[in-house]
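Peer 1: 3D model of this:
(chains A, B, C and D)
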Protein chains: 2
Amino acid sequence: MAKATIDDVAALAGVSMKTVSRVVNKEPNVRASTRDKVQAAIDELNYRPSQSARSLAANRSYVLGLLYDNPSASYVIDVQDGALETCRRAGYDLLIHPCKRDADDILAEVLALVRQGRVDGLILTPPLSDMTTLVQALVDAAVPFVRLSPTEHTDACPYVQTNDQEAAYDMTCRLIELGHQRIGFIIGHPDHRAVTQRYAGYVAAFKENDLALDKTLVVQGYNSFDSGRECAEQLLSLAERPSAIFASNDDMAAGVIIEAHHRGIAMPAELSVAGFDDTPVAHQIYPSLTTVRQPIAEMAAKAVELLLKQLKGKSVQMPAAIMSCRILERESTGKPG
Amino acid sequence: MAKATIDDVAALAGVSMKTVSRVVNKEPNVRASTRDKVQAAIDELNYRPSQSARSLAANRSYVLGLLYDNPSASYVIDVQDGALETCRRAGYDLLIHPCKRDADDILAEVLALVRQGRVDGLILTPPLSDMTTLVQALVDAAVPFVRLSPTEHTDACPYVQTNDQEAAYDMTCRLIELGHQRIGFIIGHPDHRAVTQRYAGYVAAFKENDLALDKTLVVQGYNSFDSGRECAEQLLSLAERPSAIFASNDDMAAGVIIEAHHRGIAMPAELSVAGFDDTPVAHQIYPSLTTVRQPIAEMAAKAVELLLKQLKGKSVQMPAAIMSCRILERESTGKPG
DNA sequence: AAACCGGCTGACAGCGCTGTCAGTTTGTTT
DNA sequence: AAACAAACTGACAGCGCTGTCAGCCGGTTT
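Peer 2: Have a look, this model is predicted:
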């Protein structure tokens, strides 16, 4: 049995090609009886519209592109899952496109993706969300896109964001509430949005609780496990060492925990550790890590939703969304002493 | 500047549309001077061929599909990266398609992907590689595909495989060499290929070393962290408990380590633990995990290569590849006692 | 000199859809 | 019952490429 085309369906249903097209695309203004007749023909022939033909005729690919550069595997997977779910429901596919943000041909590469008509729109994840040259190029080329967790969002580009600052504030308050006064903080990679926001939350919590902030307890990390470990070495070598360390992400927090193990420091009795992100490692280490969970999949889903709205030409009134994080208290935190 | 089409390029270069097509597709039989002329025109107009137009005309999508069901995030990412790398070089894109293998519409869904012409071929990862209904359906529909790490590979379908048995054998021998006699083994999920192979390697090592195999030390796990922990509870509660535990994957090994921590068992002094896969967690836990690294990205790249060969119609003489694993010794293993 | 061959090039007919627009039917109003 | 709007349907012209096939050209071969 050869592959059925729209003509075959039209002939069988006794209608025009165009009417079949209307039914397939769920367009309005088709009489219910006609619709049924066509649907029956579609089912009988097991008709599947050719993706390339409709792309060519409609001048869109029904594919969205997901751009990312090297965040953690679990982050990427969560984003993919969330995005895919929403894409599918809308009949869209997702093309993944990892890329190095320092590659000099990244702009050309991404623009080619669009100009070749491979994708109708793009989702940018950190740190690409904050790559101004890229963002500007997309704006100039009038490419529809949505950014996940951008640091800056002053312009009119749609984005999806979390309340990182609030979450970091809450976490810090919780540590203070447990009785901690000397709370170390490991700042994240300067290129990532998390940095400013999360650190600001930490600072705000100290202010709110009328506690003095000891700058020697604040160190700069780079988001990796190894950098977390190095920061921990620094913090745990202090004469008066902190009773808690709050790392800007889980990988660094895992580094802190390893370093504490190696120094024979009991957790949480002698040291509480908190992370951010709830990566898989968080509950696979000992002690399991108190952390903040971002609704990553949901954010990605939301981003796709905003993007699809753009594509439909419905100019989104407020092209942005803020989503909430949740603190997960596990074994790595407790009362000091 | 409107988007240039192949006609624009042809006009500018003073050749026919078809000749431009030849240059773009790197077809032979174009005089060098003509080729240069056309290339100049392409560059001048910044021409990018329309993906949908060529798909429609050539009746292929230049897209490969990657099918997977829920292996770990890091595994999926590695597969994606390896596959993408090779795809790109060949001018192909990769469509990711996670799917639940117990969904009753999975066959229809996957076949639709092909029948709609969204993809030209498929890569199956475990456990989908071993889903006979799916494999059979693809064979029946004459869909080109390659399987990663299938358990069975008696038929003519191309596949890419690792020498799991050999690696498990080597690891077990290494533990024996360190002085371990009572080595617990946690079998993986029955649906995953790893199971048979890895367990067989363990058994073979005992045989080879003339050691009796104590069946009470072999327990059935299900690949998850939690199941690893449950298995550890069982093994560590034995009157005469093992001095080493070899888990069929890292997640389960991580579960073993947590359980040992909770029981205050020192590692590796009182218990050596080995895993399989070298997932990110392996070096983020304490003690860091001795494990086996599979060349996942390379396998995926190889799979794409085999798939592209199929698509080109070059019937692959030996449509398969075996790739080697490597043992990584870290802190979690050592001499017993 | 005729016949031939291989490398090179172009004319043309689609690929299977969707957008446009005009035409036909149906339901509603006066 | 005529007039009109609204709902519905179809004819047709592409979308921008590739495959087929025929034709051309220069260099061999007979």
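
Peer 1: Now do the helices in the stretch 51-200 of chain A.
Peer 2: A:51-58, A:73-89, A:106-115, A:132-140, A:164-178, A:194-208 (DSSP state H, counting those that start in this stretch).

Peer 1: Break chain A into its domains for me.
Peer 2: Domain ranges of chain A: A:6-49, A:61-162+A:296-325, A:164-293, per automatic domain parsing.

Peer 1: avg pLDDT for stretch A:260-280?
Peer 2: Looking at stretch A:260-280 alone, the average pLDDT works out to 94.

Peer 1: Equivalent analysis for stretch A:80-94, please.
Peer 2: On average, stretch A:80-94 scores 95.

Peer 1: Report the buried residues of it.
Peer 2: Across stretch A:80-94, burial judged by 16 or more other CB atoms under 10 Å in any protein chain shown covers A:Gln80, A:Asp81, A:Gly82, A:Ala83, A:Leu84, A:Glu85, A:Thr86, A:Cys87, A:Tyr92, A:Asp93, A:Leu94. The way it works is simple: take the backbone N, C-alpha and C, and place the C-beta from them, glycine included.

Peer 1: got the contact list for that stretch?
Peer 2: Residues from elsewhere that reach stretch A:80-94 (CB atoms under 8 Å, 6 or more residues apart in numbering or on different chains): A:62-66, A:96, A:120, A:123, A:296-301, A:303-305, A:308, B:95-96, B:98, B:118.

Peer 1: So which of the buried residues of stretch A:80-94 is the closest to A:Ser129?
Peer 2: A:Ala83 (14.2 Å; CB to CB).

Peer 1: ok, and the closest non-adjacent residue to that closest one?
Peer 2: A:Ala300 (4.2 Å; CB to CB, 6 or more residues apart in numbering or on different chains).

Peer 1: One more: A:Lys207?
Peer 2: Nearest residue to A:Lys207 in three dimensions, chain neighbours excluded: A:Leu213, at 7.8 Å (CB to CB, 6+ apart).

Peer 1: what does A:Pro150 give?
Peer 2: Here the nearest residue to A:Pro150 in space, its sequence neighbours aside, is A:Ser129; by CB to CB, 6+ apart that works out to 4.0 Å.

Peer 1: was I right about that neighbour contacting A:Glu152?
Peer 2: No. A:Ser129 lies out of contact with A:Glu152 (CB atoms under 8 Å); the separation is 9.1 Å.

Peer 1: neighbour count winner among the two?
Peer 2: A:Ser129 (27 against 14; other CB atoms under 10 Å in any protein chain shown).

Peer 1: okay, the more buried one: pLDDT?
Peer 2: 90.

Peer 1: residues in contact with it?
Peer 2: Neighbouring residues of A:Ser129 by CB under 8 Å, 6+ apart: A:Val135, A:Arg147, A:Leu148, A:Ser149, A:Pro150, A:Thr151, A:Tyr159, A:Arg193.

Peer 1: measure it to A:Val114 for me?
Peer 2: 17 Å (CB to CB, to the nearest Å).

Peer 1: What of A:Lys335?
Peer 2: Distance from A:Lys335 to A:Val114, by CB to CB: 55 Å.

Peer 1: same thing with A:Leu138?
Peer 2: 8 Å.

Peer 1: At the contact with DNA strand C, which residues of the stretch 51-200 of chain A appear?
Peer 2: A:Ala53, A:Arg54, A:Leu56, A:Ala57, A:Ala58 (CB under 7 Å from any atom of the strand).

Peer 1: Now narrow those residues to whatever sits close to DNA strand D.
Peer 2: Answer for these near DNA strand D (CB under 7 Å from any atom of the strand): A:Leu56, A:Ala57.

Peer 1: Tell me the one among the residues of the stretch 51-200 of chain A next to DNA strand C nearest to chain B.
Peer 2: Taking CB to the nearest CB as the measure, chain B lies nearest A:Leu56 of these, at 4.2 Å.

Peer 1: could I have stretch A:122-133 exported to CSV, CA atoms only?
Peer 2: Extracted in CSV, the C-alpha atoms of stretch A:122-133 (Å, rounded to 0.1, in the frame of the first residue of the first chain):
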residue,chain,number,x,y,z
LEU,A,122,14.1,29.3,19.7
ILE,A,123,14.4,28.7,23.4
LEU,A,124,17.6,29.9,25.0
THR,A,125,18.8,28.5,28.3
PRO,A,126,21.4,30.0,30.5
PRO,A,127,24.1,31.0,29.9
LEU,A,128,23.0,31.6,26.4
SER,A,129,20.0,33.6,27.7
ASP,A,130,22.5,36.3,28.7
MET,A,131,24.6,36.3,25.6
THR,A,132,23.9,39.8,24.3
THR,A,133,25.4,39.4,20.9
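
Peer 1: where's the helix or strand harbouring A:Val38 relative to the chain centroid, distance-wise?
Peer 2: Using DSSP states H and E, A:Val38 sits within helix A:32-45. Remark: helix A:32-45 is offset 40 Å from the chain centroid, using CA atoms, centre = their mean, to the nearest Å.

Peer 1: Does it reach DNA strand D?
Peer 2: Yes. For helix A:32-45, a contact with DNA strand D is found by CB under 7 Å from any atom of the strand, at A:Ser33, A:Thr34, A:Arg35.

Peer 1: What's the end-to-end length of stretch A:263-279?
Peer 2: One end of stretch A:263-279 to the other measures 25 Å (CA to CA, to the nearest Å).
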